[in-house]
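K.L.:
sequence plus the predicted model coming up.
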Amino acid sequence: MLKRTALYEEHLKLKGRMVPFGGWELPVQYSGVMAEHQAVRTACGIFDVSHMGEIVLEGPGALAFLSKVTINDPATLALWQAQYSAFCNESGGIIDDLVVYRTGEQRFFLVVNASNTDKDFDHLSRIHREWSGDLVSLTNRSSEFSQIALQGPRAGEVLARICQLPLEKIQNYWCAEGAVAGAQALIARTGYTGEDGFEIYLSNRDAPGVWCALLEAGAPFGILPCGLGARDTLRLEMKYALYGHELDDSTGPLETGLGWITKLKKPVDFVGRSAIEAMKASGPSRALVGLRSEGRGIARQGAEVYGSDRTTRIGTVTSGTQSPTLKQSIAIALIDKAHETTGTRVWVKVREDFLEYTVSPTPFISKSRRNV
């Protein structure tokens, strides 16, 4: 049985096309992926991302415990600051990527991927049972929260119409508590689109009213409800990783572009550290790269990537789409590191055809190419 978010009935009213995703029934599109994508790039879009998981850590040992289970360094977080991070296994593979919010001196709010929520909580619970440090409470609160993402260059203007907080003071990757359309919420300046925007965490009871209030407030700005399709094309143009595509238990942070969040020098011996240090010493053999094609056809996840001779397999496509902004086929691929240089020509096998691609700088679109 697929789960439904508190906004399910609102999606039906808006004629959203519902599909299974990560154990949930969610809208893949409303007016169409192209229109929704462009709304986010030029004005504002609203997404139901209530399927994401929420886990709360609190207590005197919360910081030390979080430092042990994540690869980033939560000790650097100020109160109300957010941080992108990941859980790794002992082999250095990525169990999940997540966002950490510090909502108290001894309290952290973790947002994890929907399909991984149970796996993540089981992983944390196992380590928690073995934990010998100060008292720390670990709670899976995913069933209590809805999450609404408001994304686009005019997102701040829309939200300001129904929120009294000084939104201009909430910087990127910071958050605050306040009321949105009269409902208490955690308001974070975070997102998954490459645009300015906010992610709003609130009770399931309040979610439908806030959703409708945001749509009404955004009407003069061209707001559109957006589905999974646009969310995917938007994140692909930015080369943002999606768990199950770019990241999984067998890929490590150094080969998937997450070296920047891997703090090997932090004083805590975090899970997976030894394996990651060994990979750093020997050098990763693979690299996650962007590919761009001038030709027709789209390379999807699982398509094989070959070198210039079309006979030597060098990797696999992890995600691919037709970029609505560039009007070109783009893809992300995990390939042999020897071929990662920008401008390298590769071939991707799609069915029985070989499509020519070039290793491209990422993100695929610059700030100047958005919002046009």
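P.N.:
Arrived safely.

K.L.:
quick one: secondary structure of the residue of the chain positioned farthest from its centre?
P.N.:
No residue in the chain sits farther from the centre than residue 309, which is 35.1 Å out by C-alpha atoms, centre = their mean. Three-state call for residue 309 (DSSP: H, G, I helix; E, B strand; the rest coil): coil.

K.L.:
wait, what's in contact with it?
P.N.:
Contacts here follow C-beta atoms under 8 Å, 6 or more residues apart in numbering; on that basis residue 309 touches nothing. From N, CA and C alone the C-beta is placed, and that goes for glycine too.

K.L.:
for it, give me the pLDDT.
P.N.:
On pLDDT, residue 309 comes in at 90.

K.L.:
gap between it and residue 346?
P.N.:
10 Å (C-beta to C-beta, to the nearest Å).

K.L.:
give me the buried stretch members for the host helix or strand of residue 46, please.
P.N.:
Here residue 46, judged by DSSP states H and E, is contained in strand 45-48. Going by neighbour count (16 or more other C-beta atoms under 10 Å), the buried part of strand 45-48 is 45, 46, 47, 48.

K.L.:
now do the end-to-end distance for stretch 160-171.
P.N.:
Stretch 160-171 has its terminal residues 15 Å apart, counting by C-alpha to C-alpha, to the nearest Å.

K.L.:
and it, how far from the chain's centre?
P.N.:
Taking C-alpha atoms, centre = their mean, to the nearest Å, one finds stretch 160-171 lying 23 Å from the centre of the chain it belongs to.

K.L.:
how many neighbours does the residue nearest to residue 244 when sequence neighbours are not counted have?
P.N.:
Leaving out its chain neighbours, the residue that sits closest to residue 244 by C-beta to C-beta, 6 or more residues apart in numbering is residue 115, at 6.8 Å. When neighbours are defined as other C-beta atoms under 10 Å, residue 115 has 17 of them.

K.L.:
for residue 328, same thing?
P.N.:
Residues near residue 328, counting by other C-beta under 10 Å: 13.

K.L.:
what's the distance between residue 174 and residue 326?
P.N.:
Residue 174 sits 31 Å away from residue 326, going by C-beta to C-beta.

K.L.:
who's more crowded, these two?
P.N.:
Taking other C-beta under 10 Å, residue 174 and residue 326 do not tie; residue 174 has more neighbours (18 against 14).

K.L.:
kindly state the pLDDT recorded for that one?
P.N.:
pLDDT, residue 174: 98.

K.L.:
which residues touch it?
P.N.:
Contact analysis of residue 174 by C-beta under 8 Å, 6+ apart lists 80, 81, 82, 188, 189.

K.L.:
how about the nearest residue to residue 131, chain neighbours excluded?
P.N.:
Using C-beta to C-beta, 6+ apart and skipping the chain neighbours, the partner closest in space to residue 131 is residue 65 (6.2 Å).

K.L.:
torsion angles phi and psi at that neighbour?
P.N.:
Phi and psi for residue 65, reported as degrees, to the nearest 10, are phi -70, psi -50.

K.L.:
thinking again about what came up before, just put the buried residues of strand 45-48 in JSON lines and tack on pLDDT and distance to residue 7.
P.N.:
Shown next, in JSON lines, are those (pLDDT from 0 to 100; distance: C-beta to C-beta, whole Å):
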{"residue": "45", "pLDDT": "98", "distance to residue 7": "15"}
{"residue": "46", "pLDDT": "98", "distance to residue 7": "10"}
{"residue": "47", "pLDDT": "98", "distance to residue 7": "10"}
{"residue": "48", "pLDDT": "98", "distance to residue 7": "5"}
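
K.L.:
is the closest residue to residue 300 other than its chain neighbours in a bridge, and if so with what?
P.N.:
Closest residue in space to residue 300, ignoring its immediate chain neighbours: residue 320 at 5.1 Å, by C-beta to C-beta, 6+ apart. On DSSP bridges, the residues paired with residue 320 through beta bridges are residue 331.

K.L.:
please list all residues in contact with residue 320.
P.N.:
Applying C-beta under 8 Å, 6+ apart, one finds that residue 320 lies in contact with 236, 291, 298, 299, 300, 301, 303, 329, 330, 331, 332.

K.L.:
now stretch 122-135, how far from the centre of its chain.
P.N.:
Centroid separation for stretch 122-135 versus its chain: 26 Å, with C-alpha atoms, centre = their mean.

K.L.:
and it, average pLDDT?
P.N.:
For stretch 122-135, the mean pLDDT works out to 93.

K.L.:
and it, which residues are buried?
P.N.:
Neighbour-count burial for stretch 122-135, counted by 16+ other C-beta under 10 Å, picks out 123, 124, 128, 131.

K.L.:
out of those residues, the closest to residue 179 would be?
P.N.:
Of all these, residue 179 sits closest to residue 124, with 31.2 Å by C-beta to C-beta.

K.L.:
got the phi and psi for that closest one?
P.N.:
According to degrees, to the nearest 10, residue 124 has phi -70, psi -40.

K.L.:
if I look at it, how far off is residue 265?
P.N.:
24 Å.

K.L.:
do residue 280 as well
P.N.:
In this view, residue 280 and residue 265 are 11 Å apart by C-beta to C-beta.
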